[in-house]
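Participant: Return a 3D structure for these sequence lines:
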Amino acid sequence: MFCNHLALARGQRGLRLAAILGATILTLAISAGSALAHSYPQTTDPQSNARLDSAPAHIGITYDSNIAPSGSSMVLLDATGGAVPTAADPTNGNRQTSIHPTTDLAPGPYTVDWTSVSADDGHSAQGFYTFVVNGGQAGIIAGQAQAQAQAADLMATLSVTAGADGSSLLRVDLDNPTGVERVRIRLSRPDLGEDLLTTAPTGDGGWALSGNEVAVPGAWHAVVIVRRTNVVDDAQGSFDFTVDSLTGAPAFASAGGAGPK
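Facilitator: Sure, this is the predicted structure:
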């Protein structure tokens with residue numbers, strides 16, 4: 001009888017501990033989710049990397065969650081990195097921002113620099129995307145630059161050059177492509193925030209971003225992130241490069257391994 005009571009008590013304690021543990025895990029999960037609440041673009045108009053026959057009358061973003069109007073903004077940059085005069089549009093709902101140019105847009109590339117503030121917890125996010133008004137130069141890069149960086153046990157080579165239509169082209173080559181599932185580039189600069197972009201295979205052993213993401217001159221930071229089959233941690237290599245505002249020439253300032261992640 002004593003053994004039965006002891007077993008029952010142990011079983012009840014086990015159930016209580018399991019319930020407490022489950023509640024703790026749920027609370028932590030909810031807290032972590034709340035701490036990471038950010039609003040990111042769900043759709044953009046024009047679409048990212050669009051090639052337009054004429055200048056857009058309006059430029060808008062619909063976010064994936066509600067944003068706070070205070071602190072959420074859009075800035076339109078031309079090919080020199082200068083801000084284009086714009087005015088805010090009225091919007092419907094709490095997930096949209098929209099602006100319209102108050103001056104004519106010349107043909108060429110444009111960058112939309114967006115900042116959002118989550119209405120849920122006030123956390124901010126910043127990023128960018130580009131589009132091109134056809135009829136002029138599609139990009140800003142002239143020439144080519146290349147650098148290498150260690151990415152875990154891989155050697156990654158990043159090339160910055162112009163694509164066939166003049167838009168920016170970032171290409172990644174690896175010394176050992178065995179088992180590579182995906183190559184992404186986290187592209188950033190302090191004044192524009194960052195964008196995590198997935199490359200496409202080039203067909204000759206490399207991976208490339210050919211959407212004209214680099215459409216303003218100045219200093220850029222790129223992290224190459226390689227996902228491989230049966231390797232838990234992604235391999236990362238970091239690069240810093242600049243695009244000259246007068247000549248469009250790209251040049252690498254430094255490159256180094258970011259380690260696995």
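
Participant: looking at this structure, which helix or strand is least sure?
Facilitator: helix 2-35 (a mean of 46; mean pLDDT, DSSP states H and E).

Participant: Neighbouring strands - and their directions - for the following helix or strand past that one?
Facilitator: Counting by DSSP states H and E, the next helix or strand C-terminal to helix 2-35 is strand 41-45. Sheet pairing for strand 41-45, assigned by DSSP bridges, gives strand 59-63 (antiparallel).

Participant: next SSE after the strand it pairs with?
Facilitator: Downstream of strand 59-63 (by DSSP H and E), the next one is strand 73-77.

Participant: for whatever helix or strand comes next after that following strand, packing partners?
Facilitator: For strand 73-77, the following helix or strand on the C-terminal side (DSSP H and E) is strand 86-88. Strand 86-88 is packed against strand 73-77, strand 96-101, with contacts defined by 3 or more Cβ pairs under 8 Å, 6 or more residues apart in numbering; DSSP states H and E. Quick note: C-beta positions are derived from backbone N, CA and C, even for glycine.

Participant: ok, 7 Å please
Facilitator: Contact here means 3 or more Cβ pairs under 7 Å, 6 or more residues apart in numbering; DSSP states H and E; on that basis strand 86-88 packs against strand 96-101.

Participant: what's the domain layout of this structure?
Facilitator: Domain assignment for the chain by automatic domain parsing gives 41-133, 145-260.

Participant: Figure out which of these is closest to Gly139.
Facilitator: domain 145-260 (4.1 Å; Cβ to Cβ).

Participant: Check the offset of that closest one from the chain's centre.
Facilitator: 12 Å (Cα atoms, centre = their mean, to the nearest Å).

Participant: and what of stretch 52-63?
Facilitator: The answer for stretch 52-63 is 20 Å, by Cα atoms, centre = their mean.

Participant: what about it, start to end distance?
Facilitator: 23 Å (Cα to Cα, to the nearest Å).

Participant: can you check stretch 60-73 too?
Facilitator: End-to-end distance (Cα to Cα), stretch 60-73: 11 Å.

Participant: Phe131 in helix, strand or coil?
Facilitator: strand (DSSP: H, G, I helix; E, B strand; the rest coil).

Participant: how close does it get to Ala251?
Facilitator: Noted for Phe131: a distance of 26 Å to Ala251, by Cβ to Cβ, to the nearest Å.

Participant: Ala50 now?
Facilitator: Ala50 sits 29 Å away from Ala251 when distances are taken as Cβ to Cβ.

Participant: Looking at the two, which is more packed in?
Facilitator: Shown here are Ala50 and Ala251; by other Cβ atoms under 10 Å, Ala50 has more neighbours (17 against 13).

Participant: Just list whatever residues bridge to the more buried one.
Facilitator: On the basis of DSSP bridges, Ala50 takes part in beta bridges with Phe131.

Participant: right, and it touches Phe131 too?
Facilitator: Yes. Counting by Cβ atoms under 7 Å, Phe131 is a contact partner of Ala50 at 4.3 Å.

Participant: Model confidence score at the closest residue to Asp78 other than its chain neighbours, please.
Facilitator: Distances taken as Cβ to Cβ, 6 or more residues apart in numbering place Val84 nearest to Asp78, at 5.5 Å, with adjacent residues excluded. pLDDT for Val84: 98.
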